[in-house]
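[1] Build me a model from this:
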Amino acid sequence: MKKIATIIAASALTIGLAGCGGGNDAEKTVETFGQALKDKDFKTVCDTIDPELVKTIEAGSPDGQSCADAMKASEDELTGEIGEDDEINIVKSEIAEDEKTATVTVKNKDDKEQDIKLKKVEDSWKITF
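    From the prediction side, this is the model:
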């Protein structure tokens, strides 16, 4: 669980954490993920990530916890470095021609660009790691 929590925390730090509005549904998923992590709304965080990753989180959690409960148990690790005023800065987004995958490029607080990968799951965009 610690490794997965670290990946999720790193992604949150990369994308920043205050929504900027507008954009397509893939961008909105990235914004929702970031805001939910900032708000410690782990149910919403789990709702925005790939269901396969959710299964991995739940399988690796003690006592078969739900994804949200497992993340809450790792809350300090997930939110320790997140600043209250961090902002999400979406640079661009690309949706594949088959509309099954997308990449949202964001700029972090250090002004470095990072790609966030998403895939379509039952007509909704989900973040993959």
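
[2] what helix or strand is the residue most central in space within the chain on?
    In the chain, the residue lying closest to the centroid (Cα atoms, centre = their mean) is residue 33, at 4.3 Å. Using DSSP states H and E, residue 33 maps to helix 25-38.

[3] just residue 127 next, same as before
    Take DSSP H and E as the rule and residue 127 turns out to sit in strand 124-128.

[4] What is the burial count for residue 35?
    When neighbours are defined as other Cβ atoms under 10 Å, residue 35 has 18 of them. Any C-beta I mention is one placed from the backbone N, CA and C, and that applies to glycine too.

[5] sorry, that was for residue 99
    By the criterion of other Cβ under 10 Å, residue 99 has 8 neighbours.

[6] repeat for residue 101
    Per other Cβ under 10 Å, the neighbour tally for residue 101 reads 16.

[7] for the strand holding residue 127, which positions count as buried?
    Buried residues in strand 124-128, defined by neighbour count with 16 or more other Cβ atoms under 10 Å: 125-127.

[8] Beyond the helix holding residue 33, next helix or strand please.
    Toward the C-terminal end, the helix or strand that comes next after helix 25-38 (DSSP H and E) is helix 42-48.

[9] Need the contact partners of that next one.
    Residues outside helix 42-48 that contact it (Cβ atoms under 8 Å, 6 or more residues apart in numbering) are 8, 29, 32-33, 36-37, 54, 57, 66-69, 71-72, 75, 126-127.

[10] can we see that at 6 Å?
    Here helix 42-48 makes contact (Cβ atoms under 6 Å, 6 or more residues apart in numbering) with 29, 32-33, 36-37, 54, 67-68, 71-72, 127.

[11] coming back round to it: mind putting the buried residues of strand 124-128 into CSV with distance to residue 113 and pLDDT?
    Output for the buried residues of strand 124-128, formatted as CSV (distance: Cβ to Cβ, whole Å; pLDDT from 0 to 100):
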residue, distance to residue 113, pLDDT
125, 20, 97
126, 22, 97
127, 17, 96
